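Engineer: Quick one, fold the following:
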Amino acid sequence: MDTVPKATQNSPRPNHPSYRKHRRDFTRQILLPILLVTFIGLGFSTLAIYSAVRGHAGVSLWADISLIWLIIPMMFLALVILALLGGMVYGLAKLLGVAPRYTGLAQQYALWLNQEIVLWTEKITQPILSLKAWLGVFSKTQTGTRRKE
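Structural biologist: Sure, this is the predicted structure:
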């Protein structure tokens, strides 16, 4: 089953200058470097396999060179991660040197705000609860649970 609609199968490709430039740039800037690196990699792998099969003394040399090329990028990545980690540790140490003063102050304000909220909540709800209590005295229905006899 074709996934391309029939209208696009028969339509000609655009031939304007920008499309031609795009195709040329795609070939030169994307396709050519990928193919070149692939062929170089295949060449080195073929050379390594050929040397290993022949029992050539240079196999160890090529293995060492390959390990160097594998380890160097990982070393740079590890150095970047180490630098980031060191920066985070330094920043946290500075922050912890300043933080206790401000966290204590923030805690005092939070406790004061809590007390104010409790005080104003009681002031607002007290008249309503008093009114309900007085209305409950004068009403005939009791709100308690009754015992079934």
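Engineer: count of residues packed around T27?
Structural biologist: Here the number of neighbours of T27 (other C-beta atoms under 10 Å) works out to 11. C-beta here means a position set from N, CA and C on the backbone, and glycine is covered the same way.
Engineer: all helices of this structure, in order?
Structural biologist: The residue ranges that make up the helices of the chain, judged by DSSP state H, are 6-10, 17-25, 32-54, 59-138.
Engineer: Any chance of the ones you listed in JSON lines with mean pLDDT and mean neighbour count as columns?
Structural biologist: What follows is those, written out as JSON lines (pLDDT from 0 to 100; neighbours: other C-beta atoms under 10 Å):
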{"stretch": "helix 6-10", "mean pLDDT": "58", "mean neighbour count": "7"}
{"stretch": "helix 17-25", "mean pLDDT": "80", "mean neighbour count": "10"}
{"stretch": "helix 32-54", "mean pLDDT": "86", "mean neighbour count": "11"}
{"stretch": "helix 59-138", "mean pLDDT": "89", "mean neighbour count": "10"}
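Engineer: can you pull the contacts of the closest residue to W62 other than its chain neighbours?
Structural biologist: Spatial nearest neighbour of W62, chain neighbours left out: A48 (5.6 Å); criterion: C-beta to C-beta, 6 or more residues apart in numbering. A48 makes contact with V59, W62, A63, S66, according to C-beta atoms under 8 Å, 6 or more residues apart in numbering.
Engineer: So the nearest residue in space to the third one that is not next to it in sequence versus A93, what's the distance?
Structural biologist: It stands for A63. In space, A63 comes closest to A48 once its chain neighbours are excluded; the distance is 7.9 Å by C-beta to C-beta, 6+ apart. Look at A48 and A93: by C-beta to C-beta, to the nearest Å, they are 48 Å apart.
Engineer: Repeat that for P73.
Structural biologist: When P73 is compared with A93 (using C-beta to C-beta), they lie 31 Å apart.
Engineer: With T46 instead?
Structural biologist: With distances defined as C-beta to C-beta, the gap from T46 to A93 amounts to 53 Å.
Engineer: Same check on V118?
Structural biologist: Here V118 is placed at a distance of 38 Å from A93 (C-beta to C-beta).
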